[in-house]
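*Asks:* need a 3D model of the sequence below.
(2 chains)
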Number of protein chains: 2
Amino acid sequence: MKTLVVGVGLIGGSFALALRKYGLSDSITGVESSPENAAEALRLGLVDRIVTLEEGAAEADLIVLAVPVDGIPLLAVKLLNKVRPTQTVMDMGSIKSELCEVISQHPNRDRFVATHPMWGTEYSGPSAARNDAFTGRTVVILERDRSAPDALVLVERIYDTIGMHKIYMDSGEDHDLHAAYVSHISHVTSFALALTVLEKEREEQHIFDLAGGGFESTVRLAKSSYKTWVPILLKNKYNVLDVLREHIHQLQIMRKMIETDDAEGLEKAMRRANSIQRIIK
Amino acid sequence: MKTLVVGVGLIGGSFALALRKYGLSDSITGVESSPENAAEALRLGLVDRIVTLEEGAAEADLIVLAVPVDGIPLLAVKLLNKVRPTQTVMDMGSIKSELCEVISQHPNRDRFVATHPMWGTEYSGPSAARNDAFTGRTVVILERDRSAPDALVLVERIYDTIGMHKIYMDSGEDHDLHAAYVSHISHVTSFALALTVLEKEREEQHIFDLAGGGFESTVRLAKSSYKTWVPILLKNKYNVLDVLREHIHQLQIMRKMIETDDAEGLEKAMRRANSIQRIIK
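*Replies:* So this is what the prediction gives:
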């Protein structure tokens, strides 16, 4: 099998590494708009060659879209316009409703498999690609009934081999709603927390000296790239705003309880928050 | 040297393990108000014996206070009331201004060393004690000029041996301010984030399936015990409220930018937030 990865950054690069590691692809080519990232991807051996989209798409059996989410829907349509019945196109984006809607009426819709592997780090670019990515995490596969059986089987087999746990959703809207709760909001709070501390704590040496593991883990995502996260937050605007409204509300409740020395209320809130450990190990 | 650890939980228990690991104490006794925790601390070998405060304090060369922060100041005074010139009392609490103020006029103030090792996890109780705790982290030593040279040297030598990086502060108020920025606020946001998700996402299976590493790390601290955190937040009330106000403000700015599709503003905010990586590796 020949694979083309479009966008050889953290996600596309890590996926290429996984394909190699498990011997899933005979050759891997890459499309990369940044010349620096293209050179770096070659140097790291993530892809065998950097090609143009046209050239790569003509040759490949599997075309993987791993560009920022605002670029995926149009790219999907352009590729489906020329796709052959033996080719499969898949994406790995974090936003699904717009994509599913845009390709819904395409005559070649069945050559597309829409997926979202729930893995990432706060780093970006080809040098952030990791060999142990994806394994043990969940991948969401969207609208599986809309994909041709052979295309679906190909993509499922890859994710199975990599060791991902598959779940299925029939609606891009549902996916984006849940993704706002369990992923996008964490990034917003982390960015805001970093800004808060940078705003309040003018003495950086103190942050450096004093920050324990707790601060590090809550602020880690604030290192994430705006290139990834501006499109995600804007494309999932209404869900993100809805969760953000609730989050600010919860913070205001806690603020009120601290203000009024409401130890009992705080205890109750914390004990309820503790129940997250039933869900997140 | 004989050591008494008062409060054999996450912090006291981990400190006892460190004393043993580095051969710093010939015997370690413990005071523990919870019978279950006392039995567990014995079973795990954190302490040799469970004793009463009176009995333990009479025997020990070093008395370590590792109870929740609201219990430390009074305990400190009671122990200083009976301390002998060869004994040292130290604490490991996260709040320092009230303690420093309460003991400031005590005739035996110089037998006390006020410290805050910047380490913790979201777990609590003796079973959460860890063998690799503290090492590589920072410990803040407060008002070192107020401690007798021999008491200070004893405590410093222990922290040096454990591998902590010492910094000094002359004011409990300063300490509490910085601690609010780099530790306490992280816990508030994490509790509020867990509550947000539990409120919005009624289908727990979805949280379980979809939560990636990002969510896990931002919500991890929400597993923390109210027994530790209610006293910390209330004892550091004004600093925490001040940082919390700024944090809510930053979230509201981000909300506004998402609402108005202000990609440029979001990019600028995220790039500024990214600069936290200069400080936190």
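*Asks:* can you list the domain ranges for chain A.
*Replies:* A:2-170, A:175-279 (automatic domain parsing).
*Asks:* where do the helices of the stretch 151-281 of chain A begin and end?
*Replies:* Counting by DSSP state H, counting those that start in this stretch, one finds helices in the stretch 151-281 of chain A at the ranges A:172-179, A:185-200, A:204-210, A:213-219, A:226-235, A:237-259, A:263-274, A:276-279.
*Asks:* give the contact list for the residue most central in space within chain A.
*Replies:* Most central in chain A under C-alpha atoms, centre = their mean is A:Ser94, positioned 4.4 Å from the mean C-alpha point. By C-beta atoms under 8 Å, 6 or more residues apart in numbering or on different chains, the residues touching A:Ser94 are A:69, A:116, A:179, A:183-184, A:232. Bear in mind the C-beta positions are built from the backbone N, C-alpha and C, glycine included.
*Asks:* and with 6 Å instead?
*Replies:* If a contact means C-beta atoms under 6 Å, 6 or more residues apart in numbering or on different chains, then A:Ser94 has A:69, A:116, A:232 as its contacts.
*Asks:* what does A:Ile232 give?
*Replies:* Counted by C-beta under 6 Å, 6+ apart, A:Ile232 has contacts A:69, A:94.
*Asks:* could you check how far it is from chain B?
*Replies:* 10 Å (C-beta to the nearest C-beta, to the nearest Å).
*Asks:* do A:Val153 as well
*Replies:* 22 Å.
*Asks:* I'd like the distance from the helix or strand of chain A with the lowest mean pLDDT to the chain centre, please.
*Replies:* The weakest-scoring helix or strand in chain A, judged by mean pLDDT, DSSP states H and E, is helix A:204-210 (a mean of 75). The chain centroid and the centroid of helix A:204-210 are separated by 31 Å under C-alpha atoms, centre = their mean, to the nearest Å.
*Asks:* can you flag the weakest of the domains of chain A by average pLDDT?
*Replies:* Least confident of the domains of chain A, judged by mean pLDDT, is domain A:175-279 with a mean of 91.
*Asks:* how long is it end to end?
*Replies:* 19 Å (C-alpha to C-alpha, to the nearest Å).
*Asks:* the least confident helix or strand of chain A and chain B in contact?
*Replies:* Yes: Helix A:204-210 comes into contact with chain B (C-beta under 6 Å from any C-beta of the partner chain), by way of A:204, A:206-210.
*Asks:* for the residues you listed, give me TSV that also has distance to B:Gln87 and neighbour count.
*Replies:* Formatted as TSV, the residues of helix A:204-210 next to chain B follow (distance: C-beta to C-beta, whole Å; neighbours: other C-beta atoms under 10 Å in any protein chain shown):
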residue	distance to B:Gln87	neighbour count
A:Glu204	39	14
A:His206	32	21
A:Ile207	36	23
A:Phe208	35	14
A:Asp209	30	20
A:Leu210	29	23
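*Asks:* distance to A:Val83 added to those, as a markdown table?
*Replies:* Converted to a markdown table, these look like this (distance: C-beta to C-beta, whole Å):
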| residue | distance to A:Val83 |
| --- | --- |
| A:Glu204 | 52 |
| A:His206 | 56 |
| A:Ile207 | 51 |
| A:Phe208 | 52 |
| A:Asp209 | 56 |
| A:Leu210 | 55 |
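*Asks:* quick check, nearest of those to A:Val139?
*Replies:* A:Ile207 (36.4 Å; C-beta to C-beta).
*Asks:* so which of the helices of the stretch 151-281 of chain A is the most surrounded?
*Replies:* The highest mean neighbour count among the helices of the stretch 151-281 of chain A, using mean count of other C-beta atoms under 10 Å in any protein chain shown, belongs to helix A:185-200: a mean of 25.
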